[in-house]
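*Asks:* What follows is a predicted protein model with its sequence.
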Amino acid sequence: MLLKSRLTAWGAAGLAATIIAMSSTPSLAENAKASAPIPAQTLALMTAKNTRPSAPVLIRTYKKEAELEVWKLARHGRYVHIKTFPICRWSGQLGPKQTQGDRQAPEGFYPVTRRQLNPNSRYYLSFDTGFPNAYDKAHGASGAYLMVHGTCSSAGCYAMTDKQIGEIYAIAREAFAGGQDAFQFQAFPFRMNAQNMAKYRADKNIDFWRQLKEGSDHFEATGEEPVVSVVAGRYAFAPSPNRAKEEAAQAFHAAEEEKIAALGEGSAALRITYSDGGQHPAFAALLKQGENFGDVSRPEALAFAGQEEVVVPARKKKVAIAAVQPTRAANAPEAAGRDVCIALPIRAINAEDLLFSARSLECGRTPAIPARMIAGGTAPILPTSFRLLTLEIAANR
């Protein structure tokens, strides 16, 4: 009897230990999705771009366009674009995250280490962006656990489909296995080109976006991961150790600034608003076709995504017009004054159609009509010596 009770107790203890172990250890399915290989098609893209799975990775996101880009360091020493993934859902507005609960997805430059990968995410797989970084902290921003994850549902995160995050996770995992300590996550409000910077120049976040633009330009020009710091509450970017690349970066950024100024001259300044974030148009089309992406967050808000409104109306540009010297008819008096006119299109008519002074059109004051040309009662208004002439008048009479 005693032996039976002991066996019962040992059995219960073993069952409890098994339950605890199962609850604290990832399931085989979870281990499988976290260790899934990079798809063969993506491996082929890497080979074509002269890079390999173990090479360092860099990830960039753009809210307005709802796209995530994967870049890899090629053997020639520059980062090369490998693949673009459409973002299934992001929340909030364009602009940085400031407070816990504001639903803003972060913007800025963030280092992501191996420890920030989460194979046990409730949203399939994920990595933590690292918000808040040094810049965010310098500006008193609050919040945490802002991820790039699956499940197409966002409350301050960049949400992908499960299939997409599985591939992105695998690419990051292999880069860490190859020796990369941390990859850079660059999060932007939109593609940082001169057109967008000029269009949204009146936005309250424009000074912050100019800082992001500087770092983006450095990456575009040099192909190097920017070395980022925060100085006096502003992003700062270390010069490239390669002098030629640094000169190219400075020249590229200066040219972009000139483009922004030229595009902004007289053009309308816009503000873009969202009810609560957006998603790539590809998903909207698929949802209409009945495709299932799981629990998509706040689908009703997508109808009001990306509404543009004019903040500063466009101005007409001043156009310099050269003065036109009128052609003077023979024996006609000089045009009075120094009036300048614009030559209008003209056409020829017959004097029988309409009666004007017998002289070509000129600029300046209208010449006085000779007394003999003025009608008196029923007397003819033209002298008997007047001949029918072909006259010219403005075509838009």
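*Replies:* That came in fine, so what should we check first?
*Asks:* Residue 202 and residue 310 touch, don't they?
*Replies:* No: Residue 202 is beyond contact range of residue 310, at 9.4 Å (criterion: CB atoms under 8 Å). To be clear about C-beta, it is placed using only N, CA and C from the backbone, and glycine gets the same treatment.
*Asks:* any shared contact partners between these two?
*Replies:* 269, 270 (CB atoms under 8 Å, 6 or more residues apart in numbering).
*Asks:* what are the ranges of the helices in the stretch 101-250 of the chain?
*Replies:* 134-138, 162-177, 194-199, 206-222, 243-264 (DSSP state H, counting those that start in this stretch).
*Asks:* Quick one, which of those gets closest to residue 97.
*Replies:* helix 134-138 (7.2 Å; CB to CB).
*Asks:* So which elements touch that closest one?
*Replies:* For helix 134-138, the packing partners by 3 or more CB pairs under 8 Å, 6 or more residues apart in numbering; DSSP states H and E come out as strand 108-113, strand 228-231.
*Asks:* Mean neighbour count, those: which tops it?
*Replies:* strand 108-113 (a mean of 21; mean count of other CB atoms under 10 Å).
*Asks:* who does that strand pair up with?
*Replies:* Using DSSP bridges, the strands paired with strand 108-113 in its sheet are strand 182-188 (antiparallel).
*Asks:* returning to what we had before: need the helices of the stretch 101-250 of the chain in TSV (columns: mean pLDDT).
*Replies:* Below are the helices of the stretch 101-250 of the chain laid out as TSV (pLDDT from 0 to 100):
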stretch	mean pLDDT
helix 134-138	98
helix 162-177	98
helix 194-199	98
helix 206-222	98
helix 243-264	97
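*Asks:* quick revisit: out of residue 202 and residue 310, which sits in the more crowded spot?
*Replies:* Under the criterion of other CB atoms under 10 Å, the comparison of residue 202 against residue 310 puts residue 202 first, with 14 against 11.
*Asks:* Just give the closest residue to the more buried one, not the sequence neighbours.
*Replies:* Of all residues not flanking residue 202 in the chain, residue 269 sits nearest, at 3.8 Å (CB to CB, 6 or more residues apart in numbering).
*Asks:* how much space between that neighbour and residue 311?
*Replies:* 5 Å (CB to CB, to the nearest Å).
*Asks:* which residues do these two both contact?
*Replies:* residue 202.
*Asks:* Neighbour count for those two, which is higher?
*Replies:* residue 269 (17 against 13).
*Asks:* Bridged to the more buried one, which residues?
*Replies:* With DSSP bridges as the rule, residue 269 is bridged to residue 312.
*Asks:* Could you tell me the per-residue confidence at it?
*Replies:* Reading off the confidence values, residue 269 has pLDDT 96.
*Asks:* how much space between it and residue 198?
*Replies:* Distance from residue 269 to residue 198, by CB to CB: 8 Å.
*Asks:* residues in contact with whatever helix or strand residue 284 lives in?
*Replies:* When elements are assigned from DSSP states H and E, residue 284 belongs to helix 281-288. Contact partners of helix 281-288, identified using CB under 8 Å, 6+ apart, comprise 66, 86, 88, 89, 152, 293, 296, 299, 302.
*Asks:* give me that answer again for 6 Å
*Replies:* 86, 88 (CB atoms under 6 Å, 6 or more residues apart in numbering).
*Asks:* Could I get the average pLDDT for it?
*Replies:* 85.
*Asks:* Show me what counts as buried in it.
*Replies:* 283, 287 (16 or more other CB atoms under 10 Å).
*Asks:* Likewise for stretch 301-311?
*Replies:* Buried, per 16+ other CB under 10 Å, within stretch 301-311: 301, 302, 305, 306.
*Asks:* where does the second one land in three-state SS?
*Replies:* This means residue 302. Three-state assignment for residue 302 (DSSP: H, G, I helix; E, B strand; the rest coil): helix.
*Asks:* For it, which residues are in contact?
*Replies:* Neighbour list for residue 302: empty [criterion: CB under 6 Å, 6+ apart].
*Asks:* what's the distance between it and residue 88?
*Replies:* Taken as CB to CB, the span from residue 302 to residue 88 is 11 Å.
*Asks:* Residue 147: which of the helices and strands packed on helix 134-138 is closest?
*Replies:* strand 108-113 (10.5 Å).
*Asks:* what's that closest one in contact with?
*Replies:* 127, 129, 130, 133, 135, 182, 183, 185, 186, 187, 228.
*Asks:* Apply 8 Å and report the result again.
*Replies:* 59, 96, 127-131, 133, 135-136, 172, 181-187, 212, 215, 226, 228, 235.
*Asks:* Over to stretch 44-58?
*Replies:* 38, 43, 70-76, 79-83, 171-172, 174-175, 177-180, 183-184, 186, 225.
*Asks:* In this structure, where is pLDDT below threshold?
*Replies:* 1-30, 317-397 (pLDDT under 70).
*Asks:* What residue spans form the domains of it?
*Replies:* The chain resolves into domains spanning 33-312, 320-397 when parsed by automatic domain parsing.
*Asks:* With that, I have no additional questions.
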